[in-house]
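S.K.: dropping a prediction and its sequence here:
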Amino acid sequence: NIIVVLFLCFCLLASFKCQASEKKLFLKGRFAEKMKATKMIVNLWSDLTPYPRGNKKASQVYEIKIVDNKFETTILLDSAISYMTIDWSTPIADSNNYDNYYPFIVEAGDSITLVTEPYWGISQAKMMFFGNRSDKYNCILNLTQCVFQTMELWEKANGEKYQGKSIERNVDRSKYLIQEQLKIIETYKPSLTSEMENLLYSSIVTSGLNETASYFTKMMSDEVQSSPNIRDKIMDVLYDTKQSLKELEKSQGSSVVPKGWSYPQLRRNMAIAESAASGKSITEVILAEKNGTGFEQLITGYLLSHNAVNMSSLERDRLNQGALVLLKNPLYIELVRQLMDTTQAGAAMFDFELPNEDGKLVRLSDFKGKVVFIDYWFSGCGFCAIYYNDVVKPVKKYFAKDKDVVFMTVSTDQNKDVWLKSIKSGKFTSSEAINLICPDGPKNPVITKYNIVTYPHPQLVSKSGELFSDSAQDLRLNGVKGLIDMIEKAKKI
């Protein structure tokens with residue numbers, strides 16, 4: 001009996017050790033001496049849905065010191081599969097990176113060696129991977145290179161015959177890109193697990209489909225609404241895309257496809273395009289998918305993306321409430337709740353403290369008892385200049401004699417001289433406004449707190465220091481009259 005008990009204990013211990021090693025990534029390597037790398041930053045995501053492209057906040061961030069151009073580390077992973085990007089620091093730049101068009105897919109237990117050589121100067125690198133499962137990493141490198149090479153070659157060969165046919169051009173180009181990338185996966189197939197092959201296949205197909213869907217979101221909604229022909233074409237392509245997704249789910253598995261690195265973006269962009277082409281509200285389009293595959297990624301990804309600020313406050317509140325009722329994933333529920341705590345009308349504002357032109361620190365709470373309009377911007381932002389001159393400037397003039405309304409700007413410029421020059425130019429703000437700067441740029445807590453990734457980004461704060469609105473629809477897209485109306489409403493509370 002003692003021998004049996006000891007044997008079982010040994011097996012249990014071995015199992016724990018095995019599980020522990022399985023949740024690790026073993027990473028080592030070297031940088032070329034001329035790159036002068038001092039620190040490497042590894043960003044890991046266990047789930048890409050809460051972190052849409054543009055929002056670089058990772059679920060895990062590791063800083064690895066580079067000594068004599070070498071590094072070695074063991075990283076504990078949150079899940080069996082994670083998504084990874086790599087940055088590094090040099091004496092002249094805090095952040096350099098390989099152009100991670102696609103993130104690397106990390107499996108627990110991977111043991112890889114990374115070798116980098118300078119490419120286009122020291123700010124970019126040519127990467128090579130060696131070691132256990134290194135073919136998977138090199139495959140993803142080749143898939144990234146294929147995007148740029150294939151797009152360029154396709155344009156040279158076919159660009160002219162698609163003149164005036166932008167929708168057809170994007171659809172056919174995306175199909176060609178998918179075909180070429182699937183050939184690359186085929187060459188690496190012998191060294192890939194079936195699970196990884198399915199995941200890469202799903203990622204490439206959804207990424208290719210997203211090339212077209214994202215193009216639709218860039219088309220002006222006025223252009224779409226004014227042309228029945230364009231609306232019909234978009235709806236036809238969206239129907240084909242939905243059919244392609246169904247076929248992909250059948251061949252690769254409905255549980256695998258939503259893990260593809262572009263899936264959350266694809267679903268979000270499809271919903272935006274359908275809303276513009278059909279005339280339905282984005283809330284109506286999203287909630288219509290509540291019984292389909294990937295609904296949780298769709299609604300969560302949309303609410304956490306910068307697109308959600310284009311909704312009116314009322315519509316976003318409705319979608320937030322709908323998400324809390326329909327979501328089952330605990331992580332997504334918690335993220336939506338956190339979002340509501342910061343973006344829902346009535347939420348307590350983050351009491352930031354930032355320097356003005358003279359270097360004096362100014363707190364938001366210094367203006368409690370007044371309605372505060374905040375415009376987040378940066379020098380060189382074309383849309384920021386247009387918004388200020390077309391909307392903010394005339395509204396500021398309208399309230400010029402109103403002592404209960406304060407106009408404040410927050411710049412993410414990291415160069416104070418550039419910022420001061422922009423203020424003086426009058427293109428983005430005026431010297432009469434309360435002008436503040438984030439010395440650490442987009443990394444400042446107020447920027448990350450409100451997940452500001454697109455500019456300009458307006459906010460309206462009530463007299464009690466609570467958020468009245470940060471909806472672009474309410475404060476920006478409705479023009480001068482819309483912003484005046486919102487400020488007048490805030491004054492009455």
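M.R.: Ah, there it is. Source: prediction; values computed, not measured.

S.K.: sort out which residues of the helix or strand encompassing residue 174 are buried, please.
M.R.: Using DSSP states H and E, residue 174 sits within helix 166-188. Going by neighbour count (16 or more other CB atoms under 10 Å), the buried part of helix 166-188 is 167, 169-174, 176-178, 180-181, 184-185, 188. Glycine gets a C-beta too; all of them are placed from N, C-alpha and C.

S.K.: what does stretch 476-484 give?
M.R.: 476-478, 482-484.

S.K.: now pLDDT too, for those residues, in JSON lines please.
M.R.: Below are the buried residues of stretch 476-484 laid out as JSON lines (pLDDT from 0 to 100):
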{"residue": "476", "pLDDT": "93"}
{"residue": "477", "pLDDT": "89"}
{"residue": "478", "pLDDT": "92"}
{"residue": "482", "pLDDT": "95"}
{"residue": "483", "pLDDT": "97"}
{"residue": "484", "pLDDT": "97"}
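
S.K.: is it fair to say residue 407 lies in a strand?
M.R.: Yes. Residue 407: assigned to a strand according to DSSP: H, G, I helix; E, B strand; the rest coil.

S.K.: thinking again about what came up before, what's the closest of the buried residues of helix 166-188 to residue 351?
M.R.: residue 170 (45.5 Å; CB to CB).

S.K.: can you lay out the buried residues of stretch 476-484 as CSV showing secondary structure?
M.R.: What follows is the buried residues of stretch 476-484, written out as CSV (three-state DSSP):
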residue, secondary structure
476, helix
477, helix
478, coil
482, helix
483, helix
484, helix
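
S.K.: now the helices: where do they sit in the stretch 351-493 of the chain?
M.R.: Chain-ordered helices for the stretch 351-493 of the chain, with DSSP state H, counting those that start in this stretch as the definition, fall at 382-387, 393-398, 416-425, 445-449, 472, 479-491.

S.K.: ok so, going back, farthest-separated two in the buried residues of stretch 476-484?
M.R.: 477 and 484 (14.1 Å).

S.K.: where does pLDDT dip in the stretch 251-400 of the chain?
M.R.: Counting by pLDDT under 70, not a single residue of the stretch 251-400 of the chain qualifies.

S.K.: could you pull out the strands for it?
M.R.: Ranges of strands in the stretch 251-400 of the chain, per DSSP state E, counting those that start in this stretch, are 353-355, 361-363, 371-377.

S.K.: show me what the longest one pairs with in its sheet, parallel or antiparallel.
M.R.: In the sheet containing strand 371-377, the strands it pairs with under DSSP bridges are strand 405-411 (parallel), strand 457-461 (antiparallel).

S.K.: likewise the first one?
M.R.: Sheet pairing for strand 353-355, assigned by DSSP bridges, gives strand 361-363 (antiparallel).

S.K.: got the buried residues for the partner strand?
M.R.: Counting neighbours by 16+ other CB under 10 Å, strand 361-363 gives residue 362 as buried.

S.K.: how far is it from where the chain is centred?
M.R.: 30 Å (CA atoms, centre = their mean, to the nearest Å).

S.K.: same deal with stretch 198-212?
M.R.: Taking the mean of its C-alpha atoms, stretch 198-212 sits 17 Å from the chain's own mean (CA atoms, centre = their mean).

S.K.: state the mean pLDDT of that stretch.
M.R.: Averaged across stretch 198-212, pLDDT comes to 92.

S.K.: outside of that stretch, which residues touch it?
M.R.: 81, 102, 105, 136, 139-140, 143, 170-171, 173-175, 177-178, 181-182, 185, 192, 237, 241, 244-245, 248, 252-253, 256-257, 259-263, 265-266, 269 (CB atoms under 8 Å, 6 or more residues apart in numbering).

S.K.: buried subset of those residues as a PyMOL selection?
M.R.: In PyMOL, this line selects whichever of those come out buried by 16+ other CB under 10 Å:
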select buried, resi 81+102+105+136+139+140+143+170+171+173+174+177+178+181+185+192+237+241+244+245+248+252+256+257+259+260+261+262+263+265+266+269
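
S.K.: cool, thanks, talk later.
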